[in-house]
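Peer 1: can you look at this prediction? I've put the sequence above it.
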Amino acid sequence: MTYGTETWPLTMGLIRRLRVAQPAKERAMLGVSLRDKIRNKEIRKRTRVTEIAQRVAKLKLQWAGHVAWRTDGRWGLKVLEWRPRTGKRSVGRPPTRWTDAIRRVAGSRALWNSLQKTYVQQWTSIG
């Protein structure tokens, strides 16, 4: 479920969808049906899987740190900082970009290590 999530912009809708899908996958792993009336907390104890929002936030912050420290001119940082030159933005609220969440939490490179836990906690406390 977390393949490629480092590059997704984390929105509330996305986190909500991942949180709904995770218990369904865990139930499938254990072969438990909703008709068995076993609570999600009990299933989480049995599978011992970390919460998906926590895992995605950690992966995203690790990838951001990895990309930010690169100085060899690879595509990763160039793609993240790319802005289209043609056309105007559509009317209304602009869509959340990948870097928006990172900038909101981190601010500068010096804070990566100290803010990693803060970023993870921010996305796990919402809901």
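Peer 2: Thanks, I have it. Residues are numbered from 1 along each chain as shown.
Peer 1: helices of the protein, start to end?
Peer 2: Per DSSP state H, the chain has helices spanning 12-30, 40-47, 52-68, 75-81, 98-105, 112-125. These are given in chain order.
Peer 1: these: lowest mean pLDDT?
Peer 2: Note on the helices of the chain: helix 112-125 shows the lowest mean pLDDT, a mean of 58.
Peer 1: and the pLDDT for residue 89?
Peer 2: Residue-level confidence at residue 89 comes out at 66, pLDDT.
Peer 1: residue 95 now?
Peer 2: What the model reports for residue 95 is a pLDDT of 73.
Peer 1: which residue is the nearest non-sequential neighbour of it?
Peer 2: Ranked by C-beta to C-beta, 6 or more residues apart in numbering and with sequence neighbours excluded, the top spatial neighbour of residue 95 is residue 9, at 7.3 Å. (Glycine included, C-beta is placed from N, CA and C.)
Peer 1: which ones are touching the one you found?
Peer 2: Residue 9 makes contact with 95, 96, 97, 98, 100, 101 under the criterion C-beta atoms under 8 Å, 6 or more residues apart in numbering.
Peer 1: list only buried entries from those residues.
Peer 2: Among the contacts of residue 9, those buried by neighbour count (16 or more other C-beta atoms under 10 Å) are 98, 101.
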